[in-house]
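>>> My questions concern the predicted model and sequence given below.
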Amino acid sequence: MRQTRSTVNLTHPMAVLATSAAAVLALSACSGAPSGETPTGDSDQQEIVDITVGVMPASEIAGLQVGIDEGFFEEEGLNVTTQFAAGGSALVPALIAGDVQFSFASAAQTVPALSEGLPIRVVAPAATSGENQSLIVSADSPFTSVEDLAGKRIGVVLVNSLADFLTRGTFEEAGLAATDFEPLEIAYPDAFAALEAGRTDAAFISEPFQTTAVQAGARIIAYPFLEVNGGDPLVSTEWITTNQYAESNPDVVERFERAILKANAYASENEQAARDAVRTLLPDVDPDDGAH
């Protein structure tokens, strides 16, 4: 069944991503920490605060678990609980409702939400994307290029998600109409199985599921992030909170920012820690299959 696409006036993926990246850069420029330094908290003098963080199954959330495992949140006096959602579209509503205090989100959620006046703000970047997300087809598929997918069924984690935006942009870069495909909502863990079962002709997939699919025979025909950004990776996901929570708990937000930035830096320099984090968060996925 063909899903209904958004009419939000930020549909070109580069507009979405550029706006999101600008928000993260603006945040970094306003940070009290000098470039290259991450201040640390003194947990002995801080009240221990329980926070719940909304997440979804994706390797980009590994930094959060690294921060928990390595004690970076503990150093800041933060006791973190994660709450999983099936996809990104459920995360912002949960945040607004107060079910979580912080949330993982992609640019496809944050930018339209901000444009619609929702009271959220970016706290810190989560990940950049490049070759860790792709459009795949099955091993025996006759399709070898994006052009071959015109009018075909393509699995995206959610309609109007970043996967959908990027697939549209990849179609435009290939000279096709941005909406010349049928989007079907398929969760990343199920993307390859949907291909093999013939439910889709291609699928947008993210690590660690991408490597698992390729090892099982899937073929990559495009890297959408690179296609729409001239071959360069770009900040694609962030950690967000509500304006109300940030204004009522500025110290907690600052402590979360310090911890997650330290965790991101540690994860980028310690691949095994990132793999272990994926194993903890996604126990059904082999972290040696593309966690990065």
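Now that the structure is in, tell me what you want to look at.
>>> Now do the contacts for Ile48.
Gly77, Leu78, Asn79 (C-beta atoms under 8 Å, 6 or more residues apart in numbering). C-beta here means a position set from N, CA and C on the backbone, and glycine is covered the same way.
>>> Narrow those to just the buried residues.
The neighbour-count test (16 or more other C-beta atoms under 10 Å) applied to the contacts of Ile48 identifies Gly77, Leu78 as buried.
>>> Including secondary structure, pLDDT and distance to Leu95, could the contacts of Ile48 go into JSON lines?
Formatted as JSON lines, the entries for these read as follows, by DSSP: H, G, I helix; E, B strand; the rest coil; pLDDT from 0 to 100; distance: C-beta to C-beta, whole Å:
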{"residue": "Gly77", "secondary structure": "coil", "pLDDT": "98", "distance to Leu95": "22"}
{"residue": "Leu78", "secondary structure": "strand", "pLDDT": "98", "distance to Leu95": "17"}
{"residue": "Asn79", "secondary structure": "strand", "pLDDT": "98", "distance to Leu95": "19"}
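>>> Of the contacts of Ile48, which is the nearest to Glu207?
For Glu207, the closest of the contacts of Ile48 turns out to be Leu78, at 26.8 Å, with distances computed as C-beta to C-beta.
>>> Take stretch 120-135, keep the C-alpha atoms, and write them as CSV.
Taking C-alpha atoms only, stretch 120-135 is exported to CSV below (Å, rounded to 0.1, in the frame of the first residue of the first chain):
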residue,chain,number,x,y,z
ILE,A,120,12.5,21.1,20.7
ARG,A,121,16.2,21.9,20.5
VAL,A,122,19.3,20.1,19.4
VAL,A,123,21.6,19.2,22.3
ALA,A,124,24.5,17.4,20.4
PRO,A,125,25.3,15.5,17.2
ALA,A,126,24.8,11.7,17.3
ALA,A,127,26.5,10.6,14.0
THR,A,128,27.6,11.4,10.5
SER,A,129,26.6,9.2,7.7
GLY,A,130,28.2,8.2,4.4
GLU,A,131,28.8,4.5,3.4
ASN,A,132,27.0,3.2,6.5
GLN,A,133,23.6,3.6,4.8
SER,A,134,22.7,2.4,1.3
LEU,A,135,20.1,1.3,-1.2
